[in-house]
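Novice: No sequence on hand, only this structure:
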């Protein structure tokens, strides 16, 4: 049984990487066993224990972009656009003739706009924050690749970013297929991107993980070569592709995720986590192990990875299936690794050819019984190809591509499941738990206070919403606590609160049926800043190995899995301010797909000097005052907040079976975007209003049935104007509107979850919190039913939660009172 109502096919592919600037050049080099790994020239390798990486040879942005575009797009955005343009050209899909709301983009990345961030940080450290170029910040955000693609190709559909390290590209392709199967899109751009940069190079260097020469996966295993580039697949509904006469290159049969829950960096040496993702992928496709004709292995070139993966493959498949690692030719492209290997898998099927693992050292081969394709590729008919990506933090992703067959048998369709919220946990502002958060809503009081911990004299903002001291040793395994940074501690603590609140105990019987999704707007910024500051001031050789594992976006998810021994599907979403709502949507898909019975969804965003310093360089973003005047007269900027929120969501069947209490039901999602460009939004709010309409449509509600709207307003004039116009277009004066950011500040991804918390409060207490401190609305909000002058008592059956991210991303959620 599956949730796979629609078959998803691949009709386009695009790539730019070390051994090819387009698909034709790339496949010619791969099939001829040519390596793109070379001595690096584009970034400084001072202090790094190797000269080699998978660098794009002679990349010139002016060959692809106008001077204005070169200035506009960070290199991660540029590479993503190049691959996406090629993918849609190969697909011969006329974007202009299709509904732009039905075409979306999901990309995986570990670094996003880090190259721009590194420039900004070096200016700050060496010249002072007042001399750092704020335009670099607009391109630093990790979601810059998808914002760039949607802007360039003028699409308005679902937009998200996966950042679970080396598994991100594979995960993004699977998630994009889910978007289509769920009915949210007709077609999706899916893949990944990462550039070479000093941060990742220095980090892997501190771990001793870099090969001194071109890497030799599955044999010598002396280390990895980092690669760069982008790979994109154009996916669409099979019936749509057939209707327009498209050439179908392959089919996405299934994919699966799993967690090792073994170690924050090293894989499970028994290969058990990877084996679970491979097995589950086959189960979802309804295929036996013998159906797989080739495995494109993760095969990084490090001893740990090259030992664990073959054990998992041998245990599940035996010794007969051919295996190779194409990282030997292009390097480890981090968040783009699975994307490039997805492109290779599709090309392998279409060309009946298995690429080789080059540089293979026969004497060093520890698994001589396995069928490694060594040094020279192999001609072979391929009906089904599996691609593996196993990442830092014990994140595993496997995906299955098949040769297109019109009469392929697919598993029977499972009944749609209702998805409920059964546990909550929170740290927000000065509130140390959910009860205190709800008390703030009930009292109608904001949590802002003078910033503590650093001097704010040189910054715009003097106030913030900082969380109080937390007794972490009571909430987190003390043996694991010392390896966590602040974000990891907060995420694990709130996950514990949600599990305890739901009265769900993780044990060996259910650990593989529980998932973990982590969402964040900026990730572990404090840790990244500290690590990179050392590299800037003292060089890569002085970088701190203990910090590096916590610089990746998915570190917090890895800590949660490790702390509670959770082994189900796990990933990390980093789409900025929409990531919280998007993670709830993804959780519902994992439950609908039968991958999990319950999912812990955790969002976390920091408050620290780095956040205040950076945002102070953006004109008009922060208020110099003590309150965020959300939708209010005289609004002059926002107040930053620190928060971490966790929800336990589970299927109705699972919740009823264990007698769980229910806070509410996830009833509808609206996922849209605009193409206004990096760091911008459409001030008219048209695409934002569409997200409201789609959420209500999925929930089966009219506007008259909305009892409360939790807006995303924060006091920023540009963003509040766009949202007010969107609300006027859909809601008007028909439903009471409040602004949770006026309580807990701008907490990016976590703000959406705080909005959802306010909805649960309103449903549970029949009380809608006021907008604290507001006396009069600003002109754009006049005519809306803003809750001012005190809370409003009324029954709340359905609430609409709004979220957005600059760069033009809008995600809305309808939460309803649960009734059996």
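Specialist: Nice, I can see it. Please read all numbers here as calculations on a predicted model, not as lab measurements.
Novice: which residues in the stretch 301-450 of the chain form helices?
Specialist: Per DSSP state H, counting those that start in this stretch, the stretch 301-450 of the chain carries helices over the ranges 303-317, 327-330, 337-351, 434-443.
Novice: Now render those helices as CSV, adding distance to residue 18.
Specialist: The way it works is simple: take the backbone N, C-alpha and C, and place the C-beta from them, glycine included. Formatted as CSV, the helices of the stretch 301-450 of the chain follow (distance: least, C-beta to C-beta, whole Å):
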stretch, distance to residue 18
helix 303-317, 20
helix 327-330, 5
helix 337-351, 10
helix 434-443, 49
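Novice: Out of these, which is closest to residue 135?
Specialist: Taking C-beta to C-beta as the criterion, helix 337-351 is the member of these that comes nearest to residue 135, at 28.0 Å.
Novice: how distant is that closest one from the center of its chain?
Specialist: Mean C-alpha position of helix 337-351 versus that of the full chain (C-alpha atoms, centre = their mean, to the nearest Å) differs by 22 Å.
Novice: Quick one: mean pLDDT for that helix?
Specialist: Mean per-residue pLDDT for helix 337-351: 99.
Novice: ditto for stretch 25-41
Specialist: The predicted model assigns stretch 25-41 a mean pLDDT of 98.
Novice: Of all the helices of the stretch 301-450 of the chain, which one is nearest residue 32?
Specialist: helix 327-330 (9.9 Å).
Novice: Which elements pack onto that closest one?
Specialist: Helix 327-330 sits against helix 23-31, with contacts defined as 3 or more C-beta pairs under 8 Å, 6 or more residues apart in numbering; DSSP states H and E.
Novice: so what does the helix it packs on touch, helix or strand wise?
Specialist: Judged by 3+ C-beta pairs under 8 Å, 6+ apart, helix 23-31 is in contact with strand 8-17, helix 327-330, helix 337-351.
Novice: Determine the next helix or strand in the C-terminal direction from it.
Specialist: Using DSSP states H and E, the helix or strand that follows helix 23-31 in sequence is strand 38-39.
Novice: Would you mind splitting this protein into its domains for me?
Specialist: Domain ranges of the chain: 8-402, 419-816, per automatic domain parsing.
Novice: how far out from the middle of the chain is the first one?
Specialist: The chain centroid and the centroid of domain 8-402 are separated by 15 Å under C-alpha atoms, centre = their mean.
Novice: Show the low-confidence segments of this structure, by residue range.
Specialist: Residue ranges of the chain with pLDDT under 70: 1-5.
Novice: Repeat the analysis, applying 50 as the threshold.
Specialist: Scanning the chain for pLDDT under 50 picks out 1.
Novice: before we move on, back to that, out of the domains of the chain, which gets nearest to residue 410?
Specialist: domain 8-402 (6.9 Å).
Novice: That closest one: end-to-end distance?
Specialist: Length of domain 8-402, first residue to last, C-alpha to C-alpha, to the nearest Å: 11 Å.
Novice: In the stretch 251-400 of the chain, what residue spans correspond to strands?
Specialist: Using DSSP state E, counting those that start in this stretch, the strands of the stretch 251-400 of the chain run over 294-296, 322-324, 353-354, 371-372, 378-379, 384-391, 395-402.
Novice: Just give the strands next to the last one in its sheet, each with its orientation.
Specialist: Using DSSP bridges, the strands paired with strand 395-402 in its sheet are strand 250-259 (antiparallel), strand 384-391 (antiparallel).
Novice: ok and the shortest one relative to helix 303-317, angle-wise?
Specialist: Our comparison of strand 384-391 with helix 303-317, counting by axes from the mean of the first three to the mean of the last three C-alpha atoms, to 10 degrees, yields an angle of 140 degrees.
Novice: switch to numbering from 20
Specialist: Okay, residue one is now 20; in that scheme the one you just asked about reads as strand 403-410.
Novice: Could I get the buried residue list for stretch 279-296?
Specialist: 279-287, 290-296 (16 or more other C-beta atoms under 10 Å).
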